[in-house]
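In: Quick one: sequence and predicted model below, then my questions.
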Amino acid sequence: MFYVYFLENKDKNSYVGCTNDLKDRLERHNKGYVEATKDKRPWKLVAYFAFSEEKVAFRFEKYMKTGSGREFIKRHIKWNEIV
C-alpha cells in the first residue's frame, strides 16, 4: 500500500507526504532525518489515505498541496491550521 499522510506539530505547522511505510516515515520525521520537517519536531499523525497504486497516491499528494486540495483537507479532515 501507498499512503498520503498528514502531520501536525504542537505549533500547528502541517506537512503532507507520501510513503509506502507509514510507521517508518513518521519515525524518520521525528528523528530529524527529513530535511523539510527536522526543525519543527515532534510531529503527530493527523490522518492518512491508503492507495494500492503508487502513481495514484503521488497524484493525490500533489493535489493535496494545491489550494483546492487544502480546502478539501479543511472540510473533510477538520484540520484547522494548514499552510
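Out: Received the coordinates, thanks. Numbers count the residues shown, from 1 in each chain.

In: my read is Y3 is in a helix, agree?
Out: No: per DSSP: H, G, I helix; E, B strand; the rest coil, Y3 lies outside any helix segment and is strand.

In: Please list all residues in contact with it.
Out: C18, T19, N20, L22, R25, Y48, F49, A50, F51, A57 (Cβ atoms under 8 Å, 6 or more residues apart in numbering). C-beta: built from backbone N, CA, C; applies to glycine.

In: Could I have the PyMOL command that selects the buried members from those?
Out: In PyMOL, a selection of the buried entries from the contacts of Y3 looks like this (16 or more other Cβ atoms under 10 Å):
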select buried, resi 18+19+22+25+48+49+51+57
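
In: Now pLDDT too, for the contacts of Y3, in CSV please.
Out: Shown next, in CSV, are those (pLDDT from 0 to 100):
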residue, pLDDT
C18, 98
T19, 98
N20, 98
L22, 97
R25, 98
Y48, 94
F49, 95
A50, 97
F51, 98
A57, 98
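
In: quick check, nearest of the contacts of Y3 to F2?
Out: A57 (3.6 Å; Cβ to Cβ).

In: Nearest residue to that closest one in space, ignoring adjacent ones along the chain?
Out: Computed as Cβ to Cβ, 6 or more residues apart in numbering, the closest residue to A57 that is not its neighbour in sequence is F2, at 3.6 Å.

In: burial count for that neighbour?
Out: 20 (other Cβ atoms under 10 Å).

In: Quick check, it in contact with D21.
Out: No: the pair F2 / D21 is not scored as a contact, 9.7 Å apart, by Cβ atoms under 8 Å.

In: Which neighbouring elements make contact with the helix or strand where F60 lies?
Out: According to DSSP states H and E, F60 maps onto helix 54-64. For helix 54-64, the packing partners by 3 or more Cβ pairs under 8 Å, 6 or more residues apart in numbering; DSSP states H and E come out as strand 2-9, strand 14-19, strand 43-51, helix 67-76.

In: Give me the buried positions along the longest one.
Out: Pointing back at helix 67-76 there. G69, R70, I73.
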